[in-house]
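Student: Generate coordinates for the sequence data below:
(chains A and B)
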Amino acid sequence: MTPMLEIQSASKGYGNGRQHSPVLKDINLRIDEGEFVAIIGYSGAGKTTLMSLLAGLLAPDEGRVTFRGQRVTAPGPERALVFQNYSLLPWLSVRGNIALAVDSVHRGWPASRRRQHVDRYIEMVNLTPARHKKPHELSGGMRQRVSVARALAMEPRVLLMDEPLSALDALTRATLQDEISRIWQETRKTMVLITNDPDEGIYLADRIIPLSAGPSATLGPSIPIDIPRPRDRRDLNKEPHFIDVRRRVLDYLLGDGGRAKTTVTRKLVLPDLEPEDLTRPHGMPFIGSRARRRREEKQETVEIS
Amino acid sequence: MSDPQTQPDPRATPWWNRDSTDQRVRQLLIYVGTPAIGIALFLGLWSFTASKVEVSFGQLPGPTAVVAEVKNLWLDHQSERDREHQFYERQETRKAKVMAETPKAAWKERKYAGRPTYFDQILTSLKTVFTGFLIASLIAVPLGIVCGLSPSVSIALNPLIQIFKPVSPLAWLPIVMIMVSALYNPEEPYFEKAFLSSAITVALCSLWPTLVNTAVGVASIDADYLNVAKVLKLGWFKKIFKIVLPAAMPLIFTGLRLSLGVGWMVLIAAEMLAQNPGLGKFVWDMFQNGSSQTLAQIMVAVFTIGGIGFVLDRVMLALQRSVTFGSTAR
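Tutor: Numbers count the residues shown, from 1 in each chain, chains lettered A, B, ... in the order given. Modelled structure (predicted):
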C-alpha cells in the first residue's frame, strides 16, 4: 500500500553560505491512511518547518516529500493545515471563514449543498450560536475550533495540525483535545499532530515520534500507543502502557535526542539605550566609522546546555 | 463653634470636578464651551484687526461684513434661479405659440446662459474634486496592489513615485491643459476642457498617498493569510478580492483619506488657473473685482473651503473606521 504521506531522507536549512543553519536533517517519516500520528519535540527544534514540508509550503533541500506516491510541490486543500495562531481572516465571521474554504474547495457543488456543509462543520465544533461572530469576538479556544472546522470542511485526505492547542489554557486545551479525539473517531481521517506536550500526543495519537533537539533535528523511533479508544483522560495516568510510552518519549528527548545542544536564535528587539563603544577611535563627526549599536545586531544565538 | 462633621473636607474634589449626574453637562461644557471660547476670541481679534486695517479699496471686512455677504450670495442665487425659471417659462410659451401657428416649424431649444452662482460653483468644485479623486483611486489602488505584491515592481516604481510626489499642482496644470486641448476635441464635448484639466491635475496630485499606503498595506499582510490562500488554492483574482484587499483595506482607506484632503487643497489652485467655474475661479474673479465687498466674498469662500474640507475628512474617517477590524483579531 502506498503511504498517505511520506518523507524520504529530507533535510532543510535556512540561509546561504556561512549563514546557513541546518534545521532538519535526514528526516524519514511514513504515515498510512487513517493513522493519527503525533510528533513531539522541543520548541525551536524545527517542528513548524517539518509541518511546512508536509503541507508543501516549503520544499526540502534534499530528499523528497510524497503524498499518495506523488511528489508534493505546492500546498493544496487535500492536506489541510491548522495553524498554531489560527490564522482566521479577521474581516470574516465564523461562517464566512469556513464558507470561504468550502466555496473554493468544493467549487462544483450547488450553493445549497455548500451552505449545509458549512453549517454541519460549525455544528461539529459546537459553534452554531457564535456563527455570526468575528474572530476578535471569540476566545482563543473558540478561534481554534473555527480553524479546525475550516480545515475539516475542506474534506482533506490529511489533517495537519501545527501545535494547535499550545496557545490555550489547560482547561480549554483538555476540552479541545477531547473534541479532536471525538472527531478523529467519527471521521477516521489521517491526522498529523505536532505538539510539545507528551501527554497530549499520547492521549490523542496511535503513534508518537519524538523530534530530537536542533540544529539538524531528526526524528527518533516511532513508539506505538496501544491504548484502546475511547480513552479516558482520568484513567490514563494509571495505565501502565501510558506510563511506559511516556517514559520512552522522555528518555529519548532528554537522552539521545536531547544531546545536541539546543540553540535558540531570536530576534533582538532592544531599545537603543546602550552607549556607543567609546574605546573605538572617533573620526570627524558624521564622517568615518561609527560605533555599532546593539540595535543593529539583528539576532543572537543563545546556547542552552 | 461649627460642628466638624458638617464642615466640608478641604481635600474634597472641587465642584467642577465632582463625579455626579452633572458629568454629562460638564462634558458638554468642555467639548462645546471650550471651542466656543476659542472661536469667540478669534472673531473678536478679527473684527478688531479689521477695524484697524485699511486696504487699497477701503476697510478690511470683519465678521459681520462676511456674514452679510453670505446672505447676499444666497439672495443672488435665488434671484438667478428665478430668472432661469422665467426664461424657460417664456421659452415654453413662445414655443407653444410658434407650434400653434406653424406646426412643422423647426424649434431649437435654448439653454439658459446665465452666470453660475456661488452655490453652483460649490457644486462644480465638488464634482471636479470627486472626478479627480475617482481617477486617482482607480489608478492608485490597483497599482499599489501590484507594488505591494511584487517587490521588483515596487523597486522599479519607487524612484518615479519619489520624484512625482512632491510636484506642485501649478507645475502639472500647464502640461495637463496642453495635453487635454491636444487630445480631447470631440464634436460635442461632454466635459468642459477646464473641468477636465482641473480634475486630472487633482488626480495627479492626490494619487500618491493612496498609492504608497496601498503598497505598504499589501506588502505587510500577515504571511499566514497568504498561506491560507495557498492551501485553499485560491485563484489570482479570488486571492486579491478575498484576502489581499480586505487585509489591506484599513491602510488603503488611510491613503484615500489623505488623497481626498490633498485633492481638495490642490483643486482651488487648479481651478484658479484653469478657469474651471468652481470655488477657485470664484476666488480669482472676486480678487480681480477688487472691492471691499468682493474681499468679504473671498472670505466666505475661505470658510466654505475649510468647512467642506473638514466634512470630507470626517466622512472618510468614518469610512476608514468602518473597514478597520479588531486589531487583536486573527
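
Student: Tell me where the chain has strands.
Tutor: In the absence of a named chain, this looks at chain A. A:5-14, A:21-31, A:36-41, A:62-67, A:70-71, A:79-82, A:158-162, A:190-195, A:207-211, A:223-224, A:262-267, A:299-304 (DSSP state E).

Student: wait, chain B
Tutor: Using DSSP E, strands in chain B cover B:54-55, B:58-59.

Student: and among those strands, the most buried is which?
Tutor: Ranked by mean neighbour count under mean count of other CB atoms under 10 Å in any protein chain shown, these are led by strand B:58-59, which reaches a mean of 12. Yep, even glycine has a C-beta here, placed from its N, CA and C like the rest.

Student: avg pLDDT for that one?
Tutor: Mean per-residue pLDDT for strand B:58-59: 78.

Student: Tell me which strands that strand pairs with, and in which orientation.
Tutor: strand B:54-55 (antiparallel) (DSSP bridges).

Student: what residues does the partner strand touch?
Tutor: Contacts to strand B:54-55, defined as CB atoms under 8 Å, 6 or more residues apart in numbering or on different chains, come from residues B:60, B:292, B:295.

Student: Let's see that with 10 Å instead.
Tutor: B:60-61, B:290, B:292, B:295 (CB atoms under 10 Å, 6 or more residues apart in numbering or on different chains).

Student: What subset of those is buried?
Tutor: B:60-61, B:295 (16 or more other CB atoms under 10 Å in any protein chain shown).

Student: quick one: which of the residues you listed is nearest to B:P169?
Tutor: B:L295 (24.5 Å; CB to CB).

Student: Grab the nearest non-local neighbour of the closest one.
Tutor: Nearest non-adjacent residue to B:L295, counting by CB to CB, 6 or more residues apart in numbering or on different chains: B:P61, 5.6 Å away.

Student: How about the contacts made by that neighbour?
Tutor: B:46-47, B:50, B:55, B:67-69, B:292-300 are the contacts of B:P61 under CB under 10 Å, 6+ apart.

Student: Can you select the buried ones from the residues you listed in ChimeraX?
Tutor: In ChimeraX, this line selects whichever of those come out buried by 16+ other CB under 10 Å:
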select /B:46,47,50,69,294,295,296,297,298,299,300
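
Student: Would you reformat the contacts of strand B:54-55 as CSV and include distance to A:H117?
Tutor: What follows is these, written out as CSV (distance: CB to CB, whole Å):
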residue, distance to A:H117
B:L60, 74
B:P61, 71
B:G290, 75
B:S292, 76
B:L295, 71
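
Student: With A:R188 as the reference, measure out to A:R113.
Tutor: Relative to A:R188, A:R113 is positioned 23 Å away (CB to CB, to the nearest Å).

Student: still on that earlier bit, got the strands of chain A as a markdown table, with mean pLDDT and distance to chain B columns?
Tutor: Shown next, in a markdown table, are the strands of chain A (pLDDT from 0 to 100; distance: least, CB to the nearest CB, whole Å):
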| stretch | mean pLDDT | distance to chain B |
| --- | --- | --- |
| strand A:5-14 | 89 | 15 |
| strand A:21-31 | 88 | 18 |
| strand A:36-41 | 92 | 19 |
| strand A:62-67 | 91 | 13 |
| strand A:70-71 | 90 | 15 |
| strand A:79-82 | 90 | 5 |
| strand A:158-162 | 92 | 9 |
| strand A:190-195 | 93 | 14 |
| strand A:207-211 | 92 | 21 |
| strand A:223-224 | 90 | 30 |
| strand A:262-267 | 56 | 15 |
| strand A:299-304 | 58 | 18 |
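
Student: one step back: may I see the strands of chain B arranged in a markdown table, with distance to A:L160 as well?
Tutor: A markdown table is the format used below for these (distance: least, CB to CB, whole Å):
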| stretch | distance to A:L160 |
| --- | --- |
| strand B:54-55 | 78 |
| strand B:58-59 | 81 |
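
Student: residue ranges with poor pLDDT in the stretch 101-250 of chain A?
Tutor: Along the stretch 101-250 of chain A, segments meeting pLDDT under 70 span A:214.

Student: got it, and chain B?
Tutor: Those would be B:1-21, B:325-330, if you go by pLDDT under 70 across chain B.

Student: domains for it, by residue range?
Tutor: B:24-58, B:61-101, B:118-323 (automatic domain parsing).

Student: With respect to burial, which of the ones you listed scores highest?
Tutor: By mean count of other CB under 10 Å, these have domain B:118-323 as the most buried, with a mean of 19.

Student: just to revisit the earlier point, distance-wise, check the residue nearest to B:L295 relative to A:R247.
Tutor: 93 Å.

Student: repeat for A:A99
Tutor: A:A99 is 46 Å from A:R247, by CB to CB.

Student: Looking at those two, which is more packed in?
Tutor: Shown here are A:A99 and A:R247; by other CB atoms under 10 Å in any protein chain shown, A:A99 has more neighbours (20 against 11).

Student: mind listing what the more buried one touches?
Tutor: A:92-93, A:114-115, A:117-119, A:122, A:150, A:153.

Student: most surrounded residue in these?
Tutor: A:R150 (30 neighbours).

Student: near chain B, anything from the longest helix that chain A contains?
Tutor: The helix that spans the most residues within chain A, counting by DSSP state H, is helix A:170-187. No - residues of helix A:170-187 contacting chain B under CB under 10 Å from any CB of the partner chain: none, with a closest distance of 15.8 Å.

Student: List the buried residues of that helix.
Tutor: For helix A:170-187, by 16+ other CB under 10 Å, it's A:172-174, A:176-177, A:179-181, A:183-184.

Student: Can you lay out those as a markdown table showing distance to B:L126?
Tutor: Output for the buried residues of helix A:170-187, formatted as a markdown table (distance: CB to CB, whole Å):
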| residue | distance to B:L126 |
| --- | --- |
| A:T172 | 54 |
| A:R173 | 57 |
| A:A174 | 61 |
| A:L176 | 55 |
| A:Q177 | 60 |
| A:E179 | 56 |
| A:I180 | 58 |
| A:S181 | 63 |
| A:I183 | 57 |
| A:W184 | 62 |
